[in-house]
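In: predicted structure and sequence below. I'll ask about it afterward.
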Amino acid sequence: MATKIPVKKSGKCQCETHHTKSILYQILNKEHGSETKWHQQHHSPHCSTESKGCSCWDRRRVVLKTPEATCRRASGVILKTSTFIRNLPSFYHMPLDDQLVLIQQNWAPLFVLGMAQEGVDFDLREISVPSLLKNILLNQSLTASNELGSSSAGASLAEVQKMKNLLWKCWYLDLSAKEYAYLKGIILFNSGCCVLKCLPYVQKLQQEAQQALMEFVSTMYHGNLGRFASILQLITSLRDIDADAIEELFFRPIRGEVILNVLLLATLYVKPDWL
């Protein structure tokens, strides 16, 4: 039966507060069951990431509390992302290979922006992943342990928390539709890690999107560029989003690579609305 994650009274990670116990004691005396509920403190928009430097955050795994409804909304975000890209004439002026590379490199941050724009929030529950030592103690073979580890469901708590914090930052800024559009343009035409045939053209498009965003914010907020700086800070965080965590969390039932292929096909091989 699921139990609540213990509240951290000292503000320290559990792996620090139980340092006096042996490894074997910790393994055989877990304070939570096979599945634990997502604690309210992780659901706060101002959630602290004080434990993000601790390796246990990377080991902790989470899944969606209501996967059917959330995955349905996530699929809708993918389709709207495809529509956004298909309605950009400048995107189709590039070689097909460049279009493919840009989507493959940048679909994850575009997806997160789409989640923010559509107001898609989600609840989580934490699942336990047996350690290798525990499997050995339970007389499971090394081969079986490896297979269990490779098939473990769930996304990294640390990576999911990054995404949730980013969503809350977008909602706190209360971005307008135009600000989202300009942000998506800056992200889509990101050539930082790409090998492109028309690199100068892509760099120019990104500069134009950034300039348009700055002018819009300056006009709407009376020359106050503090908001523009805050929005630009989102870009760095967006580029740090783990695509594997998104696939695991939102598209595991239908496989993440299938979702990416749907996005590619819908964007590259479906006739744009303006043609």
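Out: Looks like it came in fine. Numbers count the residues shown, from 1 in each chain.

In: all strands of the stretch 101-250 of the chain, in order?
Out: 124-127, 155-156 (DSSP state E, counting those that start in this stretch).

In: sheet partners, orientation included, of the shortest one?
Out: The one in question is strand 155-156. The pairing partners recorded for strand 155-156 under DSSP bridges are strand 61-64 (antiparallel).

In: then the strand it pairs with to PDB, C-alphas only?
Out: Included here for strand 61-64 are C-alpha records, laid out as PDB according to Å, rounded to 0.1, in the frame of the first residue of the first chain:
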ATOM      1  CA  ARG A  61      11.900   7.700 -10.300                       C
ATOM      2  CA  VAL A  62       8.500   9.200 -10.800                       C
ATOM      3  CA  VAL A  63       5.500   8.400 -13.100                       C
ATOM      4  CA  LEU A  64       2.300  10.300 -13.900                       C
END
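
In: now do it: everything it contacts.
Out: Here strand 61-64 makes contact (Cβ atoms under 8 Å, 6 or more residues apart in numbering) with 38, 70-71, 122-129, 152-157, 160, 249-250. Backbone N, C-alpha and C define where each C-beta goes, glycine included.

In: please, a PyMOL command that selects the buried ones among those?
Out: Buried residues within the contacts of strand 61-64, by 16 or more other Cβ atoms under 10 Å, are selected in PyMOL with:
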select buried, resi 38+70+71+122+124+125+126+127+128+154+155+156+157+160+249+250
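
In: just the ones of the contacts of strand 61-64 in helices?
Out: Among these, the ones falling in helices (DSSP state H) are 70, 71, 157, 160, 249, 250.

In: which of the residues you listed sit farthest apart?
Out: Using Cβ to Cβ, the two most remote members of the ones in helices among the contacts of strand 61-64 are 71 and 157, lying 19.1 Å apart.

In: just to revisit the earlier point, any chance of JSON lines for the strands of the stretch 101-250 of the chain, columns mean pLDDT?
Out: Shown next, in JSON lines, are the strands of the stretch 101-250 of the chain (pLDDT from 0 to 100):
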{"stretch": "strand 124-127", "mean pLDDT": "92"}
{"stretch": "strand 155-156", "mean pLDDT": "92"}
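
In: where in the stretch 151-275 of the chain is pLDDT low?
Out: 151-152, 193-194, 253-265, 268-275 (pLDDT under 70).

In: at 80 instead, please
Out: 151-153, 192-194, 252-275 (pLDDT under 80).

In: ranges for the helices of it?
Out: Secondary structure of the stretch 151-275 of the chain (DSSP state H, counting those that start in this stretch): helices located at 157-173, 177-188, 199-220, 226-239, 243-250, 256-268.

In: give me the contacts around the second one.
Out: Residues external to helix 177-188 that are found in contact with it (Cβ under 8 Å, 6+ apart): 84-85, 88, 91, 102, 106, 109-110, 113, 116-117, 175, 205-206, 208-210, 212-213, 216-217, 231, 234-235, 238-239.

In: ok, back up a step: nearest to residue 65, of the helices of the stretch 151-275 of the chain?
Out: Of all those, it is helix 243-250 that lies closest to residue 65, at 11.3 Å by Cβ to Cβ.

In: could I get the helices of the stretch 151-275 of the chain as TSV with distance to residue 76?
Out: Output for the helices of the stretch 151-275 of the chain, formatted as TSV (distance: least, Cβ to Cβ, whole Å):
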stretch	distance to residue 76
helix 157-173	16
helix 177-188	16
helix 199-220	24
helix 226-239	20
helix 243-250	11
helix 256-268	12
